[in-house]
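> With the input below, show me the fold.
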Amino acid sequence: MLRLFALVALLGCCLPAIAAPPSQVFIAGDSTASHYGPERAPREGWGQQLQGFLDEDAYVVRNHAQSGRSSRSFVVEGWFDGMAKAMRRGDVLLIQFGHNDEKIEDPTRYNEPQRAFPEWLLRYVSLARDKGATPILVTPVARRKFDRGQLLDTHGLYAQAVRDLAQREQVGLIDLTALSMDWLRAAGDEASKAYFMHVPAQDQQDDTHFQQRGAVMAACLVVAGWKRIDPSLAAHVTRDTDCGAPDTALADRKAQANPSLVVHEGDLATDQPGPHGGAGATTAYPFFRDAPALGFEFRKRVLHKGAGIGLHQHHKDEIYYVLSGRGIYELDGKTQEVRAGDAMLTRPGSTHAIRQDGDDDLVLLIMYGKKQE
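Here you go, the predicted structure:
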């Protein structure tokens, strides 16, 4: 018997620890979050893209959001109960309603914002707490509705009701209304259409539902808001969440001392002999040469047949990137062939040169720090 106990103890100490299952992230919401099959492409909900931001070993998304549902009809039609059966301790429940609660013409979905709407939402909060899960309230994502260049707040009292409930019940809040409105204002009326279901081929001009790029953006805003509530989430987020724009973006843009620019190389082409004593003819494209307060030089240089950049020593870091063609690169007394996709970094104290080789022009992108005045 003692030997048996000893064997059990030995096996117990040597067996690998069983990893805890990932937490489930439930989404209770409407069509702006729900999943769509390929037959509805390119339409997607933000819940459809949420898993792409989360480590699957830590979190598995269970998207229960349903098109056309309000906080009331999601419960009445049984979607709430189906979700409740699968929820367990340690899970997370993201709760986003409002779009359909606003539909006063439909008594099966409508909830007035000051009492009925938060009362229905409280059911979701209570469910999560009863299950040992974490509830997070999410204000409804903004509609893309501009009037003479100004984005309108179409959720008003409904978004505020969610904020008030979160404060009253001490529940985490992702203010997706505010985050998405800031993003849409920064994007502007015309550019923001590309995120929504403005699909001429399908004769659609839908300012509520997303194409994939909009669904990804909204999911990014959700995760960014979630990280503010729970900083420990950052360790399990698999891509950056530096997305959208702050509420100061438009004011910052107006206050810019140096404007952002777009230029075309055709307006910049300058024919030059090979720099630094190089042979042959080249064409330089000095992008943003006159842009004030820019700390680096960025240019394209084309070395035509037989042309080169002569040998010279460096007092600064410089990067060459080969866009196309083939060349012979000299670095600190050694040569090697370079071609499209190669990048070369020259550090201070080194000497280098490059010459075109073969039949095609050698096309380089070049970057280095500007001389301090």
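> Check Val49 and give its pLDDT.
Rather than Val, residue 49 is Gln. Among the per-residue scores, Gln49 shows a pLDDT of 98.
> residues contacting it?
Counting by CB atoms under 8 Å, 6 or more residues apart in numbering, Gln49 makes contact with 212, 215-216, 218-219. Backbone N, C-alpha and C define where each C-beta goes, glycine included.
> Now the nearest residue to it once chain neighbours are set aside, what are its backbone angles?
Counting by CB to CB, 6 or more residues apart in numbering, Ala219 is the residue found nearest to Gln49 once chain neighbours are left out, at 4.0 Å. When read as degrees, to the nearest 10, the backbone of Ala219 gives phi -60, psi -40.
> how many other residues sit next to Ala219?
26 (other CB atoms under 10 Å).
> what are the ranges of the strands in the stretch 251-373 of the chain?
270-273, 281-287, 296-303, 308-313, 318-324, 326-331, 334-339, 343-346, 351-357, 362-369 (DSSP state E, counting those that start in this stretch).
> JSON lines for these, including mean neighbour count and mean pLDDT?
What follows is those, written out as JSON lines (neighbours: other CB atoms under 10 Å; pLDDT from 0 to 100):
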{"stretch": "strand 270-273", "mean neighbour count": "12", "mean pLDDT": "98"}
{"stretch": "strand 281-287", "mean neighbour count": "19", "mean pLDDT": "98"}
{"stretch": "strand 296-303", "mean neighbour count": "19", "mean pLDDT": "97"}
{"stretch": "strand 308-313", "mean neighbour count": "18", "mean pLDDT": "98"}
{"stretch": "strand 318-324", "mean neighbour count": "17", "mean pLDDT": "98"}
{"stretch": "strand 326-331", "mean neighbour count": "19", "mean pLDDT": "98"}
{"stretch": "strand 334-339", "mean neighbour count": "12", "mean pLDDT": "98"}
{"stretch": "strand 343-346", "mean neighbour count": "15", "mean pLDDT": "98"}
{"stretch": "strand 351-357", "mean neighbour count": "20", "mean pLDDT": "98"}
{"stretch": "strand 362-369", "mean neighbour count": "18", "mean pLDDT": "97"}
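> want to throw those into a markdown table with distance to Ala159?
Listed next are those as a markdown table, based on distance: least, CB to CB, whole Å:
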| stretch | distance to Ala159 |
| --- | --- |
| strand 270-273 | 54 |
| strand 281-287 | 43 |
| strand 296-303 | 43 |
| strand 308-313 | 59 |
| strand 318-324 | 47 |
| strand 326-331 | 58 |
| strand 334-339 | 55 |
| strand 343-346 | 48 |
| strand 351-357 | 58 |
| strand 362-369 | 45 |
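> what about stretch 296-303, distance to the chain center?
Relative to its chain's centre, stretch 296-303 lies at 30 Å (CA atoms, centre = their mean, to the nearest Å).
> from the chain's centre, how far out does the host helix or strand of Asp182 sit?
Asp182 is located in helix 176-187, with elements delineated by DSSP states H and E. Relative to its parent chain, helix 176-187 has a centroid offset of 14 Å by CA atoms, centre = their mean.
> Quick one: mean pLDDT for the helix or strand following it?
Following helix 176-187 in sequence order, the next helix or strand is helix 189-192 (DSSP H and E). On average, the pLDDT along helix 189-192 is 98.
> just the CA coordinates of helix 189-192, formatted as PDB?
What follows is helix 189-192, C-alpha atoms only, in PDB (Å, rounded to 0.1, in the frame of the first residue of the first chain):
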ATOM      1  CA  ASP A 189     -18.000  62.700 -44.600                       C
ATOM      2  CA  GLU A 190     -16.600  61.400 -47.900                       C
ATOM      3  CA  ALA A 191     -13.700  59.300 -46.700                       C
ATOM      4  CA  SER A 192     -15.800  57.500 -44.000                       C
END
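> And the contacts of that helix?
Applying CB under 8 Å, 6+ apart, the set of residues contacting helix 189-192 is 144, 146, 149, 184.
> So for Lys193, which of the strands of the stretch 251-373 of the chain sits nearest?
strand 281-287 (29.3 Å; CB to CB).
> and the closest one, what does it pack onto?
strand 270-273, strand 296-303 (3 or more CB pairs under 8 Å, 6 or more residues apart in numbering; DSSP states H and E).
> who does that strand pair up with?
strand 270-273 (antiparallel), strand 296-303 (antiparallel) (DSSP bridges).
> quick one: Glu169 from Ala251, how far?
34 Å (CB to CB, to the nearest Å).
> When those two are compared, which one has more neighbours?
Glu169 (16 against 9).
> Phi, psi for that one please.
According to degrees, to the nearest 10, Glu169 has phi -100, psi 0.
> Give me the distance between it and Trp79.
22 Å.
> try Asp206
For Asp206, the distance to Trp79 - CB to CB - is 23 Å.
> quick one on the thing from earlier: thinking the residue nearest to Gln49 is in contact with Gly47, fair?
Yes: the criterion here is CB atoms under 8 Å, and Ala219 meets it with Gly47 at 7.5 Å.
> all helices of this protein, in order?
With DSSP state H as the criterion, the chain has helices at 2-14, 71-76, 79-86, 116-131, 156-169, 176-187, 189-192, 212-229, 249-254.
> Can you say which of those helices is nearest to Thr335?
helix 212-229 (45.4 Å).
> what comes up buried for that closest one?
214-227 (16 or more other CB atoms under 10 Å).
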